[in-house]
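*Asks:* Pasting the sequence and the predicted model now:
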Amino acid sequence: MTDETLRPRRSVLYMPGANERALEKAKTLDADALILDLEDAVAPDSKEEARERVCSAASSGGYGSREVTIRVNGLDTEWHEADLRAAAEAGPDGIVVPKVNSAAEVHTIERALEFTGAPEHTTIWAMIETPVAMLHAEEIAAASARLDVLVMGTNDLAKELHAEFVPGRTPLLGGLSLALLAARATGKTILDGVYNDVSDAEGFEAECLQGRQMGFDGKTLIHPGQLEPCNRVFAPSEDEVAQARKIIDAFEEARAEGRGVVTVDGRMIENLHVDNARRILALSEAITTRQ
Ligand SMILES: CC(C)(COP(=O)(O)OP(=O)(O)OC[C@H]1O[C@@H](n2cnc3c(N)ncnc32)[C@H](O)[C@@H]1OP(=O)(O)O)[C@@H](O)C(=O)NCCC(=O)NCCSC(=O)C[C@H](O)C(=O)O
Ligand SMILES: [Mg+2]
């Protein structure tokens, strides 16, 4: 049975809010979700113009099944209040708030959304991208039912840590793991950070695979060329789907015979493996339904 509430979020593409061409092009791109950006990708002089452009794009639609979100400027900036008000009025699927550092900040955003009359379907996507946010990840994730997604900001995190970008991301793994623990403990979606070198296909795919193996639901992206490998890596493969079906069938057969444990291809299968197999099938079906 298809889970209507499950939204694949394998690929989440940022685009600069001032870039009309990118906002238009996104309507044809195979991204699960879009982040129309008012923060880092927009120069201070273009903030107002980008706000109008992004909010008008988000409210006029045309993005099909893609989730549309708006990234506002941070709580401590001169643009935040006007961004949040305009974004709430546009009513996107989510409002991405950068550099969220505490549960109190989530409450402030929640109250502001209520005050501005944002539609109920507009959720909060909190970016966690500072050392203090990693240490507060659980309280941030748990702060509000309206908070749906945690988004890693690995550029800011590396900057704050004085860390270097190296293959395998060893310097960031502590922070990434804390955020993952918080997301899974509170039932939220969690998205990995961006890969800056748009010309390095091999390095990008390796980082997607690392993110998936760690448990991320998907990855944030900066270029259309990153969509195909990201969608592929974060989707269950045909082999994984076949294996999931085999596990479920074998377990149900065993249950009918009164047994609670069985082996498939020599491996022990218990209830928890069946839960995981069902999750894989549900995700695969949600991806197929989306297309
Ligand atoms: C990275 C880029 C600046 C590269 O730009 P460019 O060299 O112009 O790309 P191409 O010429 O290869 O573009 C080919 C076509 O694709 C369209 N395009 C490019 N990027 C996007 C996009 N993100 N969304 C939609 N469409 C895009 C171009 O318009 C071309 O189209 P066409 O004219 O039809 O050929 C550029 O890709 C870019 O600006 N990317 C987004 C950057 C961004 O949003 N950065 C902020 C978010 S990342 C961040 O802040 C992380 C976080 O906070 C942290 O701390 O880590
Ligand atoms: Mg950032």
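*Replies:* Yep, it's here. Note that the coordinates shown come from a computational prediction; the quantities given were computed from them, not determined experimentally. Numbering: from 1, shown residues only. Ligands and ions are numbered 1, 2, ... in the order given.

*Asks:* could you say which helix or strand contains residue 120?
*Replies:* Element membership of residue 120 [criterion: DSSP states H and E] is none; it lies in no helix or strand.

*Asks:* mean confidence score for stretch 272-290?
*Replies:* If you average the pLDDT over stretch 272-290, you get 94.

*Asks:* Just give me how far it sits from the chain centre.
*Replies:* Per Cα atoms, centre = their mean, to the nearest Å, the displacement of stretch 272-290 from the mean C-alpha position of its chain is 18 Å.

*Asks:* pretty sure residue 64 contacts residue 27?
*Replies:* Yes - with contact defined as Cβ atoms under 8 Å, residue 64 and residue 27 form a contacting pair (7.2 Å). For every residue, glycine as well, the C-beta is placed using N, CA and C.

*Asks:* Those two - which one has more neighbours?
*Replies:* With neighbours defined as other Cβ atoms under 10 Å, residue 64 and residue 27 compare such that residue 27 has more, 13 against 9.

*Asks:* what sits against that one?
*Replies:* For residue 27, the set of contacting residues under the criterion of Cβ atoms under 8 Å, 6 or more residues apart in numbering consists of 62-64.

*Asks:* change it to 6 Å
*Replies:* Residues touching residue 27, when contacts are defined by Cβ atoms under 6 Å, 6 or more residues apart in numbering, comprise 62-63.

*Asks:* From ligand 2, how far out is it?
*Replies:* Here residue 27 is placed at a distance of 25 Å from ligand 2 (Cβ to the ion, to the nearest Å).

*Asks:* With residue 270 instead?
*Replies:* Noted for residue 270: a distance of 41 Å to ligand 2, by Cβ to the ion.

*Asks:* Let me know how buried that residue is, in neighbour terms.
*Replies:* For residue 270, the number of neighbouring residues by other Cβ under 10 Å comes to 11.

*Asks:* shouldn't it be in contact with residue 261?
*Replies:* Yes - with contact defined as Cβ atoms under 6 Å, residue 270 counts as touching residue 261 (5.4 Å).

*Asks:* quick check, distance from the strand or helix carrying residue 134 to the centre of its chain.
*Replies:* With elements taken from DSSP H and E, the one containing residue 134 is helix 131-135. With Cα atoms, centre = their mean as the basis, helix 131-135 stands 18 Å off its chain's centre.
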